[in-house]
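Engineer: please find the sequence and the predicted model below.
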Amino acid sequence: MPMSIAGRPDEAQAIATIHAALEAGMELIDTANVYCLDDKDLGHNERLIAKALRQWKGNRARVLVATKGGCRRPEGGWGRDGRPASLKAACEQSLKALAVERIDLYQLHAADPEVPFEETVGALAQLQGAGKIRWVGLSNVSVELIRRARKIVPILTVQNRFNPFFREAQTDGVLDFCAREGIGFLAYSPLGGGRLNKKLPAHPAAQAVAKRRGITPHQAVIAWCLAKSPAVIPIPGASRPENARASAQAAAVALTGADVAEIDSAQFSKD
């Protein structure tokens with residue numbers, strides 16, 4: 001997302017960042033049609049990823065690209081549109097932007113309170129039945145919504161926010177439900193997102209764990225996310241190659257129970 005919203009880097013830097021992530025061993029790229037400036041710029045991030053993959057010299061077959069539909073960017077703001085016709089149209093546009101015949105993982109970005117949830121999910125089932133998407137995922141959902149969706153179509157992944165500042169995925173039961181049911185949990189904003197990301201290097205608990213393991217505080221927090229559940233797949237954003245490489249290295253970090261407990265018990269202020 002940082003590559004396509006306000007303040008985004010130039011295209012060369014963005015493509016270099018994607019290549020750095022892939023060369024560091026990452027195999028999942030998460031995007032959305034609304035990672036852009038506004039409704040006139042829809043699909044910017046998808047087109048960028050498609051171009052980066054065309055230029056990459058590695059094995060394209062090992063890379064899974066996940067995108068999302070069901071939101072919009074009116075005049076640069078954020079809105080939702082879960083109408084079946086709109087979701088199907090968005091999927092067609094994503095297929096074109098990604099330059100693929102079938103999307104690996106297509107996720108509902110968020111439930112639309114103005115549209116019956118089952119109607120929206122029904123459109124995802126139809127898209128899968130038509131061969132437009134391989135797997136279905138959900139984002140920003142509760143356990144109740146996951147259960148309701150699974151009555152209509154198999155759900156491969158759930159993408160909710162999870163980091164030391166925002167732990168609702170633990171407290172509301174979504175993380176445990178995903179682990180129990182064999183659903184992948186894509187943890188978005190694993191470093192806090194935006195300004196909170198910048199607070200991590202100075203946080204005492206993150207600093208202490210990082211010092212003991214010989215890593216950075218950011219890597220310590222990604223490792224903490226991974227340690228919380230076997231279902232967790234952190235999806236940190238990046239706009240510079242060095243950040244992508246550093247995030248990838250965190251996957252090899254094994255925290256001890258004491259490390260995890262130290263971050264668990266610490267207060268991470270949102271102020």
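Structural biologist: Right, received. Where do you want to start?
Engineer: so what does the longest helix along the chain touch, helix or strand wise?
Structural biologist: The longest helix of the chain (DSSP state H) is helix 84-98. On a contact count with 3 or more C-beta pairs under 8 Å, 6 or more residues apart in numbering; DSSP states H and E, helix 84-98 meets helix 44-55, strand 64-69, strand 103-108, helix 117-129. For glycine as for every other residue, the C-beta is placed from the backbone atoms N, C-alpha and C.
Engineer: so how far is R134 from the nearest residue to W135 once chain neighbours are set aside?
Structural biologist: Nearest residue to W135, sequence neighbours excluded (C-beta to C-beta, 6 or more residues apart in numbering): L156, at 4.0 Å. Distance, L156 to R134, by C-beta to C-beta, to the nearest Å: 9 Å.
Engineer: who touches both of the two?
Structural biologist: When contacts are counted by C-beta atoms under 8 Å, 6 or more residues apart in numbering, L156 and R134 are jointly contacted by L105.
Engineer: neighbour count: these two, which is higher?
Structural biologist: Shown here are L156 and R134; by other C-beta atoms under 10 Å, L156 has more neighbours (18 against 13).
Engineer: just the pLDDT for that one.
Structural biologist: Per-residue pLDDT puts L156 at 98.
Engineer: so the residue nearest to W135 touches G184, yeah?
Structural biologist: Yes. In this structure L156 lies within contact range of G184 using C-beta atoms under 8 Å: 6.3 Å.
Engineer: ok, now which ones touch the residue nearest to W135?
Structural biologist: Contacts of L156 (C-beta under 8 Å, 6+ apart): L105, W135, V136, G137, I183, G184.
Engineer: H44 too?
Structural biologist: With C-beta under 8 Å, 6+ apart, H44 has these contacts: S4, Y35, C36, L37.
Engineer: tell me which two of the residues you listed sit farthest apart.
Structural biologist: Using C-beta to C-beta, the contacts of H44 reach their maximum pairwise distance at Y35 and L37, which is 9.6 Å.
Engineer: more crowded one of those two?
Structural biologist: Between Y35 and L37, counted using other C-beta under 10 Å, the more crowded position is Y35 (26 against 16).
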